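*Asks:* Curious how this folds, go ahead:
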Amino acid sequence: MLWQDYSALTLLLFKSAIVLSFSLILAWICSRGLKQAVQHFDKTSSHWDDTLARAARPVLTLAVLLLGVSLMVDFLLEYIHLEEAELVGQVRRIVLILLIYSLLIRYLRLVRNSFYQTNRRAVKMDKATLEFMIKLLQIGLTMAIVLTLLQNLGVSISGLLAFGGVGGLAVGLAAKDMLANLFGGLTIYMDRPFVVGDKISLQNQQIEGFVEHIGWRQTRIRGYDRTPVYVPNALFTNLAVINPSRMQNRRINVIIGLRYQDFSKLNAIIQDIDAYLARHEGVDHGRDALARFTDYGASSLDLLVRCFTVDIDWSVYMKTRQDILMGVGEIVTRHGAEFAFPTRTLDIPEGTPFSSSS
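*Replies:* Purely as a prediction, here's the structure:
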């Protein structure tokens, strides 16, 4: 009857209004509560609590609203005397999967950003390693979500995986060099022979500079002349990489030559140079710092001066090297000795006539 339909429609609208009102109130409470949680967790040194609350806030708010819409759909199906269709259940599962995916992806992105904040240094992690881990998790999560969605849509996963195996073999044969670069990038991320900012050089390749970016396929190195060099990652797996940025000390290794006339002063000069190196602040006293007479040269007494600097910075190293060389020169001069230079003595027999040319 008409009045019964009108009564049922009124009840439907009433229940829908109540559900919608409660959904809006719960969504507002959820949003406000998580906002307060974010403000509280921002004061902590942890990366995980505030990023989780910040990532969950929009997703959970939307989930509460969609829950209200889902209940209203149930009321509508009951009003038209239709049992819950399979399509409705499928849509609900897909929406739930997408909400979970959105929450996890947003959380990973916020975690990555939080590591770059200057006030968050509780966890030390290299930038390249962090990017690699985030990308790997995002790819794995996306693949899992896609397979789950396909399974919910009725697509055969086993057949898809079998086709993917054959297709992957064909792609691997066709893109051998690209895959080699990808695995080379994976090796760099796992072994970490260098990181962004390191100064490196490739042996026998005349490539030297500072690492600016480590990608999946190639690495960008900025040369001393500020020219970028793009190196395929596969090259790093077959060549020796020299990384001066990780040296513990820089070495000063100098051979100086004294005149043969200064042989009697040699021992005193060596002792004074040893004492000078022992009290120099720029020299690492935990390693060998010495001056030793090494050889009789063609025109000089060869003296080795060797030590290691504390600082590996190039400008500091050059200043320390200059100080030590100046100090050694002052010690030699103070003892009345002189540095030798290449000379040759001619032994002319007595009575040998000389002809003068006009």
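
*Asks:* Strands of the protein, start to end?
*Replies:* 199-202, 207-214, 218-222, 228-232, 241-242, 250-258, 290-296, 301-309 (DSSP state E).

*Asks:* can you tell me which of the ones you listed comes nearest to Ser70?
*Replies:* Nearest to Ser70 among those is strand 207-214 (45.6 Å), distances taken as Cβ to Cβ. C-beta coordinates here come from the backbone N, C-alpha and C atoms, glycine included.

*Asks:* Nearest residue to Ser245 in space, please, no chain neighbours.
*Replies:* Asp198 (4.1 Å; Cβ to Cβ, 6 or more residues apart in numbering).

*Asks:* a markdown table for the strands of the chain, including mean pLDDT, distance to Arg344 and mean neighbour count?
*Replies:* Shown next, in a markdown table, are those (pLDDT from 0 to 100; distance: least, Cβ to Cβ, whole Å; neighbours: other Cβ atoms under 10 Å):
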| stretch | mean pLDDT | distance to Arg344 | mean neighbour count |
| --- | --- | --- | --- |
| strand 199-202 | 89 | 40 | 18 |
| strand 207-214 | 89 | 40 | 17 |
| strand 218-222 | 91 | 48 | 19 |
| strand 228-232 | 90 | 47 | 15 |
| strand 241-242 | 88 | 41 | 16 |
| strand 250-258 | 93 | 15 | 16 |
| strand 290-296 | 93 | 16 | 14 |
| strand 301-309 | 94 | 17 | 20 |
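
*Asks:* Contacts only, for Leu24.
*Replies:* Listed by Cβ atoms under 8 Å, 6 or more residues apart in numbering, the contact set of Leu24 reads Leu65, Gly68.

*Asks:* for the stretch 151-300 of the chain, what spans make up the helices?
*Replies:* With DSSP state H, counting those that start in this stretch as the criterion, the stretch 151-300 of the chain has helices at 157-174, 176-191, 266-279.

*Asks:* Mean pLDDT lowest where, among the ones you listed?
*Replies:* Looking at the helices of the stretch 151-300 of the chain, the lowest mean pLDDT belongs to helix 157-174 (a mean of 58).

*Asks:* and the gap between Asn181 and Thr219?
*Replies:* 10 Å (Cβ to Cβ, to the nearest Å).

*Asks:* overlap in contacts of the two?
*Replies:* Common neighbours of Asn181 and Thr219, counting by Cβ under 8 Å, 6+ apart, are Asn233.

*Asks:* Quick check: closest non-adjacent residue to Ser201.
*Replies:* With Cβ to Cβ, 6+ apart as the criterion, Ser201 has its nearest non-adjacent residue at 3.8 Å, and that residue is Glu208.

*Asks:* May I ask you to confirm that the one you found is in contact with Thr227?
*Replies:* No. Counting by Cβ atoms under 8 Å, Glu208 sits too far from Thr227 to count as a contact (11.3 Å).

*Asks:* So in this structure, where's the weakest helix or strand by average pLDDT?
*Replies:* Of all helical and strand segments in the chain, the minimum by mean pLDDT, DSSP states H and E falls on helix 157-174, at a mean of 58.

*Asks:* And the longest helix seen in the chain, what's buried?
*Replies:* In the chain, taking DSSP state H as the definition, the longest helix is helix 2-41. The neighbour-count check on helix 2-41 (16 or more other Cβ atoms under 10 Å) flags 12, 15-16, 19, 23, 26-27, 30-31, 34, 37-38, 41 as buried.

*Asks:* for the record, mean pLDDT for that helix?
*Replies:* In the prediction, helix 2-41 has an average pLDDT of 72.

*Asks:* Run a quick neighbour tally on Glu338.
*Replies:* Neighbour count for Glu338, taken as other Cβ atoms under 10 Å: 12.

*Asks:* What of Pro353?
*Replies:* 4.

*Asks:* roughly how far apart are it and Asp347?
*Replies:* Counting by Cβ to Cβ, the gap from Pro353 to Asp347 is 16 Å.

*Asks:* Walk me through the domains of this protein.
*Replies:* 9-167, 178-245, 248-334 (automatic domain parsing).

*Asks:* To Ala340, which of those lies closest?
*Replies:* Of all the domains of the chain, domain 248-334 comes closest under Cβ to Cβ, at 3.5 Å.

*Asks:* how long is that closest one end to end?
*Replies:* Distance across domain 248-334, first residue to last, is 34 Å (Cα to Cα, to the nearest Å).

*Asks:* now stretch 195-209
*Replies:* With Cα to Cα as the measure, stretch 195-209 spans 13 Å from end to end.

*Asks:* Begin at 237, not 1, for the rest of this chat.
*Replies:* Okay, using 237 as the starting number, the last item reads as stretch 431-445.

*Asks:* hmm, who's touching that stretch?
*Replies:* With Cβ under 8 Å, 6+ apart as the test, stretch 431-445 has contacts from 362-365, 429-430, 446-450, 457-460, 465, 467, 471-472, 475-482.
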